[in-house]
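[1] Got a predicted structure plus its sequence, pasted below:
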Amino acid sequence: MAPELLILLGAAVILQADLLPDKKFLLLPPVNFTIKAVNLAQVLLRWEPNPDQEQSNVQLGYHVKINAPQEEEYETRNTERSLVTILHKGFSASVQTVPWSDHSLQASSWVSAELKAPPGSPGTEIVNLTCTTNTKSDNYTHFQPYQVSLHCTWLVGKDAPDDTQYFLYYRYRSRTEECQEYSKDVLQRNVACWFPRTFINSKGRDSLAVYVNGSSKEAAIKPFDQLFALHAIDRVNPPANVTAELKGTCLSIHWEKPVSAFPSHCFDYEVKIYNAKKGYFQTERMTTNTLITIIDDVSKYYIQVRAAVSSVCRATGLWSEWSQPIYVGKDDQKPWTEWFLIAVMMIICFILLIFSLICRICHLWTKLFPPVPVPKSNINDFFVIINNEKTGSTETEVISYVEEAGFETLEDSVF
């Protein structure tokens, strides 16, 4: 009986040993962990399995922790990883060996690596970097009918010397370009950049990396880089060929999709209808390029439309500018020419009134046009009496002028 118990006890021990993991099996950390900047805002993390790691049936993986500039963690079975990230603040990460499936094993210790921040004097790097993209049609290229432009602006660092000059580069996927068209401030420092044509795909989902460095004779200029999501900076064009037709009280509005690489079903629209007589507007959200609505036919309206790429085709982004307004309906207001003539006439009347008052107060009219003096005329008020007297050979004629009371009497004698 004892031998049988010993046999059963030995089998149980062997079975337990097979079921439990080997407590003596230890995971060793990776070796030769390096971080290398391979492009603008792009690093390559690489490591190797520990050569002293004991061989077993346990599948191994790696736990990677990004410490800076932004914390992030992930697990992988690969021994390298390319990451897109800003680098002007430096980059650091850690990695450890972990069991891929058997989580009863303890992970290895961490190994770390660091990419130091680029040198430069604090406060000399640019600030407030903003970029926008815009799509234009390209009739010269059949295989690429649309071209994407890029425009970036920034402010000079607060501690940057006056002789500082900045230079901008962008990277999209594997393509890198340096800016050739700059705008300058009063000190002739570059503060904006324009790329009329780029390798950017407006429908792409990759991040756009923008890098700005600088030079100065007085200080080392610290570089700056930033990542942009294309949907967040793409300035969509307004809808094209907006038309409106009014039949009675039925208003029909039609437009075409914006100039864009996206197809027609990828756009949302907003239509703004402004009632000029009542002073209010209504906004309609549309997914098609036609709107039919009922309005009153005694007012004048102006209509505008704007567009945005729908979330069906990419992440929600910016709305376009409003289209140029078009006008429909009646306009009861006088045209501006009539208002102008009325205003001119009112001004002339006002000037004449002021001039008349001045003349009356200052007697200017009498001074400018004095009265012409005329002799007093009493012809109708006097009587003429002629007395003829004859004495000898001498004839005397007496003419007497007799005026009524209150008037002077004038007598003339002629001999």
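    Done, it's in.

[2] Please count neighbours and contacts with C-alpha atoms only from this point.
    Noted.

[3] Leaving out the residues flanking it, which one is nearest to residue 217?
    The shortest distance from residue 217 to any non-neighbouring residue, by C-alpha to C-alpha, 6 or more residues apart in numbering, is to residue 163 (7.2 Å).

[4] Can you report how many residues lie near that neighbour?
    Applying other C-alpha atoms under 10 Å, we find 14 residues neighbouring residue 163.

[5] That one should be in a helix, yeah?
    No: Residue 163: not assigned to a helix; according to DSSP: H, G, I helix; E, B strand; the rest coil it is coil.

[6] Could you tell me the model confidence score at it?
    pLDDT recorded at residue 163 is 95.

[7] residue contacts, it?
    By C-alpha atoms under 8 Å, 6 or more residues apart in numbering, the residues touching residue 163 are 187, 189, 216, 217, 218.

[8] Torsion angles phi and psi at residue 354?
    phi -60, psi -40 (degrees, to the nearest 10).

[9] next one: residue 44
    Per degrees, to the nearest 10, the backbone of residue 44 is at phi -120, psi 120.

[10] Leaving out chain neighbours, which residue sits closest to it?
    residue 82 (4.5 Å).

[11] Now do the one you found: how many residues are near it, please.
    Count around residue 82 with other C-alpha under 10 Å applied: 14.

[12] Over to the one 4 residues further on?
    Burial of residue 86, expressed as a neighbour count using other C-alpha under 10 Å, amounts to 22.

[13] gap between the closest residue to it other than its chain neighbours and residue 80?
    In this structure, residue 86 finds its nearest non-sequential neighbour in residue 41, 5.0 Å apart by C-alpha to C-alpha, 6+ apart. Residue 41 sits 17 Å away from residue 80, going by C-alpha to C-alpha, to the nearest Å.

[14] Of these two, give the one with the bigger neighbour count.
    Relative neighbour count places residue 41 above the other of residue 41 and residue 80, with 22 against 15, counting by other C-alpha under 10 Å.

[15] for that one, what are its contacts?
    Contacts of residue 41 (C-alpha under 8 Å, 6+ apart): 84, 85, 86, 87, 209, 211, 225, 226, 227.

[16] at 10 Å what do you get?
    83-88, 170-171, 208-211, 224-227 (C-alpha atoms under 10 Å, 6 or more residues apart in numbering).

[17] Now a PyMOL select for only the buried ones of those residues.
    To isolate the buried ones among the contacts of residue 41 in PyMOL, judged by 16 or more other C-alpha atoms under 10 Å, type:
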select buried, resi 84+85+86+87+88+170+171+208+209+210+211+224+225+226+227
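
[18] Tell me which of the contacts of residue 41 fall in strands.
    Cross-referencing the contacts of residue 41 against strands under DSSP state E gives 83, 84, 170, 171, 208, 209, 210, 211, 224, 225, 226, 227.

[19] Widest-spaced pair of those?
    83 and 224 (17.6 Å; C-alpha to C-alpha).

[20] any weak-confidence spans in this protein?
    In the predicted model, the chain carries pLDDT under 70 at residues 1-24, 139-143, 331-339, 363-415.

[21] Which stretches in the protein count as helices?
    Ranges of helices in the chain, per DSSP state H, are 2-19, 230-233, 336-362, 364-368.

[22] Give me the neighbour count for residue 357.
    Counted with other C-alpha under 10 Å, residue 357 comes out at 11.

[23] meant to ask about residue 67
    Residue 67, neighbours per other C-alpha under 10 Å, totals 15.

[24] Would you confirm that it contacts residue 115?
    No: judged on C-alpha atoms under 10 Å, residue 67 makes no contact with residue 115 at a distance of 11.3 Å.

[25] For those two, list the residues in contact with both.
    91, 92, 93.

[26] Who does the nearest residue to the last one once chain neighbours are set aside form a beta bridge with?
    By the measure of C-alpha to C-alpha, 6+ apart, the closest residue to residue 93 outside its immediate chain neighbours is residue 66, 4.4 Å from it. Counting by DSSP bridges, residue 66 is bridged to residue 72, residue 93.

[27] any idea how far residue 74 is from residue 66?
    With C-alpha to C-alpha as the criterion, residue 66 and residue 74 are 9 Å apart.

[28] Next: residue 192.
    Distance from residue 192 to residue 74, by C-alpha to C-alpha: 38 Å.

[29] Check residue 253 too.
    Residue 253 is 52 Å from residue 74, by C-alpha to C-alpha.

[30] And those two? Which one has more around it.
    residue 253 (19 against 10).

[31] what are the bridge partners for that one, then?
    residue 244, residue 291.

[32] ok, it - contacts?
    So residue 253 contacts 242-246, 271, 289-293, 303-305 (C-alpha under 10 Å, 6+ apart).

[33] With just CA atoms, put stretch 304-313 into CSV.
    What follows is stretch 304-313, C-alpha atoms only, in CSV (Å, rounded to 0.1, in the frame of the first residue of the first chain):
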residue,chain,number,x,y,z
GLN,A,304,-25.2,83.1,-49.3
VAL,A,305,-23.9,79.5,-49.1
ARG,A,306,-20.9,78.0,-47.4
ALA,A,307,-19.5,74.4,-47.2
ALA,A,308,-17.5,72.0,-45.0
VAL,A,309,-16.2,68.5,-45.6
SER,A,310,-18.6,66.0,-44.1
SER,A,311,-17.6,63.7,-41.3
VAL,A,312,-18.5,60.8,-43.6
CYS,A,313,-15.3,61.4,-45.6
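
[34] residues contacting the residue nearest to residue 93?
    Going by C-alpha under 10 Å, 6+ apart, the list of residues near residue 66 reads 72, 73, 74, 91, 92, 93, 94, 95, 112.
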